[in-house]
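Colleague: generate coordinates for the sequence data below:
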Amino acid sequence: MNCPHHIKIFDSEHRSYRDLPVRLAEFGTVYRWEQSGELGGLTRVRSFTQDDAHLFCTPEQVGEEIQGCLGLVKKVLTTLGMSDYGVRLSLRDPDSDKYVGDPENWDKAEAALREAVQTLEVDYTEE
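Modeller: Numbers count the residues shown, from 1 in each chain. Sure thing, here's the model as predicted:
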């Protein structure tokens, strides 16, 4: 994961709202030092390559950006002949205090995710 580095890249120059959205992506190798007893086949490994991406956008752009990302995933799956898939839409527990940020922003983000799967007609369940 390269979250801090992508934030540093975004912050490296002065930007206007007109520059948004900014999309950063990479394929990076992640290394972890695991005790030998904790390793197991392909489920727990010392290193793996991960695709990682971050979007920097205005609140008004969130829905369109999510739909763009999900649309790209659908296109790749369709191109590869994969049609039997679904999405688990993970939502926060509004009764828990383990979430950072304003509950109103969480509600807006969850609504944008829900709208994206519905608009793109993806089978999904909420969890």
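Colleague: alpha carbons only for contacts and neighbour counts from here, please
Modeller: Fine.
Colleague: for this protein, which segments count as strands?
Modeller: 22-31, 47-56, 87-89, 124-126 (DSSP state E).
Colleague: out of those strands, which is closest to residue 38?
Modeller: strand 47-56 (13.3 Å; Cα to Cα).
Colleague: elements contacting that closest one?
Modeller: The helices and strands touching strand 47-56, judged by 3 or more Cα pairs under 8 Å, 6 or more residues apart in numbering; DSSP states H and E, are strand 22-31.
Colleague: which stretches of this protein have low pLDDT?
Modeller: For the chain, the stretches with pLDDT under 70 are 1-2, 39.
Colleague: how's it carved up into domains?
Modeller: The record's domain parsing of the chain by automatic domain parsing lists 1-56, 59-127.
Colleague: before we move on, the earlier item: the strands of the chain: which one's closest to residue 37?
Modeller: Among those, the nearest to residue 37 by Cα to Cα is strand 47-56 (15.5 Å).
Colleague: okay, the strands of the chain in TSV with distance to residue 105 and mean neighbour count next?
Modeller: Listed next are the strands of the chain as TSV, based on distance: least, Cα to Cα, whole Å; neighbours: other Cα atoms under 10 Å:
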stretch	distance to residue 105	mean neighbour count
strand 22-31	20	12
strand 47-56	15	14
strand 87-89	17	12
strand 124-126	18	12
